[in-house]
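J.: Fold the following.
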Amino acid sequence: MARISNWKGQPAVKKKACCGCQACQDICPAQAIRMQVDSEGFWYPVRDEEQCVHCMACERVCPMAHADEKRRERMYVGVQAKENGVRFDSSSGGMFSVLADFVLKKQGVVYGAGFNSEMRVIHKGVFDQNGLKDILKTKYVQSDMGGIYLEVLAHLRAGKWVLFCGTPCQVRGMKLFLGEDFPRLILADLICYGAASPGVWRSYAGYLERRDKGKLERFSFRDKRNKDSGRTCSYVINGKERTEAMAANLYCRLYFANYLLRPACHSCGFCTVERDSDFTLGDFWGIEKKAPEWNDGMGTSLVMVHTEKAEEIWRSVRESVRWILCEKKEILQPRLIEPTKRGRGRKFFMKAYRALPFWLLAKTGFGDKRRREVTLYLLFGALTFLISVSSFALFHLTMGMNELAANVCSWIAAVLFAFFTNRNLVFEAPTGSLKEFFMQAASFFGGRAATLLIEEGILYLFITVLRFASMPVKITAQIIVIAVNYVISKLVVFRKIRE
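T.: Here you go, the predicted structure:
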């Protein structure tokens, strides 16, 4: 873990080096560490140097600093709970519920992510089937783990069975925090896409409440009522339920556009089949190839069994599920090979998130690629228009330059601005080499040169020949040019780079 900052300062932890698991906060014997939320809505540790006793316990439990534990892979299994109700209430095939039932029957405690009364995502322990419903299904939000490590340790020392389910970094943090292998502890990590900003989630929840004029009471990211493998979102405000396709949901669009993930997620070292947990759980993407008859839209769990303890538990519970053994090549999916890539528009989104109220951010089209592209093109097109018109007025009216020469000078200023904003923000088409950059720039400037000739022709005809007022003609010509430039940029310049 990177150095933790002074209590009164900004967190000095490098963002790529902190997963936000909060193990350092719970392990500190002097209570010198607390979590501070940054401008993106993520928490990072800060330390009170006056209280700190420099025991280095916080360093010892950091999963980012100690991610190289010997890992194991033993068995890969596709699983579906035999009870349809269990599968319906789960994100995938119900394996987490099966393991939870095993522990609850032993009067144990099950830990997972759920909503609290304020609809914030927290980790919490449950002791019965009624409580279990609160922590079922995926939450596309990083959960608050404050105090959970101490709770788990207390239950284990009391001789209770404990099932702890979380992201790989949370499970690794738990293992480092406990420091020993408790025979009644079951660690289950997830095939994780990435941990999303709790701050953005709270802003989105508040946006829903203001828009629908009520209190958000329930939210499901993976509703299976349409038998679409959980590609429906549902939520309840003031007792009224609403549903929408995941692809249409604003928050999910932002999440899967990779705008919301914690910086450390993009370099995650746990995206592999080799884990140091007991079980790894996730969706079995590709079940339609392995067992087409299982692909009923209600979900299948991919289960990886890593330890002897897990094998023994698996033998105890497998009669309650349908299962099929798999080979490694049949279960591989992107998040078992490499981390989720950072969204190209993430930096711009986070700047907008900090600067704009969420209701306005929601109208900009972030997460909806086509809408966002058009919105940003119009925004930067308007700014390009202002640069072109104002510089034309400067050169022509103030400095007395000929209208055609003034138009060329204003064109250069406007096209330079348009190139970099279109390339980096609108069409998101970075190049892989200097040669590609110059080819892209040449194509862009060539297209703009063509529209410059169109604009020059309009100005010559209506200003020089017909003697119309210069500024109205310039403004009209710019509107025509902006429309033509969008078509050229969209279909020619940046399309070639992206393809």
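J.: Do you have the helices of the stretch 201-350 of the chain handy? List them.
T.: Secondary structure of the stretch 201-350 of the chain, counting by DSSP state H, counting those that start in this stretch: helices at 250-256, 287-290, 308-317, 328-331, 346-355.
J.: Of the ones you listed, flag the one that's most buried.
T.: helix 250-256 (a mean of 22; mean count of other CB atoms under 10 Å). Just so you know, the C-beta spots here come from the backbone N, C-alpha and C atoms, and that holds for glycine as well.
J.: Show me the contact partners of that one.
T.: The list of residues contacting helix 250-256 from outside it, by CB atoms under 8 Å, 6 or more residues apart in numbering, reads 140, 193, 196, 200-201, 204, 221, 233, 246-247, 260-261, 349, 362, 366-368.
J.: Just grab the bridge partners of V321 for me.
T.: Beta-bridge pairing of V321, defined through DSSP bridges, involves A81.
J.: Quick one, which of the helices of the stretch 201-350 of the chain gets closest to C24.
T.: If you check each of the helices of the stretch 201-350 of the chain against C24 by CB to CB, helix 346-355 wins as the nearest, at 24.5 Å.
J.: what about stretch 410-429, how long is it end to end?
T.: Looking at stretch 410-429, the gap from its leading to its trailing residue is 25 Å under the measure CA to CA, to the nearest Å.
J.: Verify the stated contact: F380 with L425.
T.: Yes: here F380 lies in contact with L425, judged by CB atoms under 8 Å, at a distance of 6.9 Å.
J.: Within the helices and strands, which one has L453?
T.: When elements are assigned from DSSP states H and E, L453 belongs to helix 434-459.
J.: what distance separates that helix from the middle of the whole chain?
T.: The chain centroid and the centroid of helix 434-459 are separated by 36 Å under CA atoms, centre = their mean, to the nearest Å.
J.: Could you do stretch 400-413 as well?
T.: Counting by CA atoms, centre = their mean, stretch 400-413 is centred 45 Å from the centre of its parent chain.
J.: Could you do stretch 448-463 as well?
T.: 45 Å.
J.: what's the average pLDDT for it?
T.: Here the mean pLDDT over stretch 448-463 is 87, rounded to a whole number.
J.: Also stretch 87-106?
T.: Predicted confidence along stretch 87-106 averages 97 (mean pLDDT).
J.: what distance separates the start and the end of it?
T.: 22 Å.
J.: Kindly report the same for stretch 79-99.
T.: By CA to CA, the extent of stretch 79-99 from end to end equals 12 Å.
J.: Check stretch 191-203 too.
T.: Counting by CA to CA, the length from the leading to the trailing residue of stretch 191-203 is 26 Å.
J.: try stretch 338-350
T.: The distance separating the two terminal residues of stretch 338-350, taken as CA to CA, comes to 24 Å.
J.: Nearest residue to N422 in space, ignoring adjacent ones along the chain?
T.: With sequence-adjacent residues excluded and distances taken as CB to CB, 6 or more residues apart in numbering, N422 is closest to S489, at 5.6 Å.
J.: where does that neighbour fall, phi/psi-wise?
T.: phi -60, psi -40 (degrees, to the nearest 10).
J.: L394 now?
T.: L394 has phi and psi values of phi -60, psi -50 when expressed as degrees, to the nearest 10.
J.: can you start the count at 43 instead of 1 from here on
T.: Taking 43 as the first residue, the last one we looked at is L436.
J.: which residues sit in contact with it?
T.: If you count contacts by CB under 8 Å, 6+ apart, L436 has them with S452.
J.: Next one: it from R360, what distance?
T.: Distance, L436 to R360, using CB to CB, to the nearest Å: 77 Å.
J.: And for R244?
T.: Distance, R244 to R360, by CB to CB: 40 Å.
J.: for R304, same thing?
T.: Counting by CB to CB, the separation of R304 from R360 is 35 Å.
J.: From R360, how far out is E354?
T.: When E354 is compared with R360 (using CB to CB), they lie 11 Å apart.
J.: per-residue confidence for E82?
T.: Predicted confidence (pLDDT) for E82: 97.
J.: pretty sure it is in a strand, no?
T.: No: following the definition DSSP: H, G, I helix; E, B strand; the rest coil, E82 is coil and is not counted among the residues of a strand.
J.: I'd assumed Y395 was in contact with it.
T.: Yes: counting by CB under 8 Å, Y395 is a contact partner of E82 at 7.4 Å.
J.: Common neighbours of the two, please.
T.: By CB under 8 Å, 6+ apart, the residues touching both E82 and Y395 are V242.
J.: Run a quick neighbour tally on T382.
T.: Counted with other CB atoms under 10 Å, the neighbours of T382 add up to 17.
J.: Give me the nearest residue to it, chain neighbours excluded.
T.: With CB to CB, 6+ apart as the criterion, T382 has its nearest non-adjacent residue at 4.7 Å, and that residue is G236.
J.: contacting residues for that neighbour?
T.: For G236, the contact set (CB under 8 Å, 6+ apart) comprises N300, L302, L303, R304, C307, H308, C310, P381, T382.
J.: so the fifth one touches P381, yeah?
T.: Read that as C307. Yes: here C307 lies in contact with P381, judged by CB under 8 Å, at a distance of 6.3 Å.
J.: These two: which has the busier surroundings?
T.: Here C307 and P381 are compared on neighbour count by other CB under 10 Å; more neighbours surround C307, at 25 against 19.
J.: in which helix or strand would I find the closest residue to that one other than its chain neighbours?
T.: Beyond its immediate neighbours in the sequence, the residue positioned closest to C307 (CB to CB, 6+ apart) is G236, lying 3.8 Å away. Taking DSSP H and E as the definition, G236 sits outside all helices and strands.
J.: for this protein, what spans make up the strands?
T.: Shown for the chain, the strands assigned by DSSP state E span residues 47-48, 75-79, 85-89, 117-123, 151-157, 163-168, 204-208, 227-232, 258-265, 274-279, 282-287, 321-325, 343-347, 363-368.
J.: circling back to that earlier point, so R244 and R360 - more neighbours on which side?
T.: Neighbour totals were compared for R244 and R360, and R244 leads with 17 against 14 (other CB under 10 Å).
J.: so what's the closest residue to T518 other than its chain neighbours up against?
T.: The shortest distance from T518 to any non-neighbouring residue, by CB to CB, 6+ apart, is to I500 (7.5 Å). Contacts were defined as CB under 8 Å, 6+ apart; by that measure I500 touches V515, T518, A519, I522.
J.: How confident was the prediction at the second one?
T.: T518 is assigned a pLDDT of 90 by the prediction.
J.: just checking, V121 touches S139?
T.: No: in terms of CB under 8 Å, V121 does not count as a neighbour of S139; the distance is 10.7 Å.
J.: Isn't D186 up against K166?
T.: No: shown here, D186 and K166 do not form a contact pair, counting by CB under 8 Å, at 9.4 Å.
J.: picking that back up, in CSV: the helices of the stretch 243-392 of the chain, plus mean pLDDT and distance to E251.
T.: Converted to CSV, the helices of the stretch 243-392 of the chain look like this (pLDDT from 0 to 100; distance: least, CB to CB, whole Å):
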stretch, mean pLDDT, distance to E251
helix 292-298, 95, 13
helix 329-332, 94, 37
helix 350-359, 96, 40
helix 370-373, 94, 40
helix 388-397, 91, 18
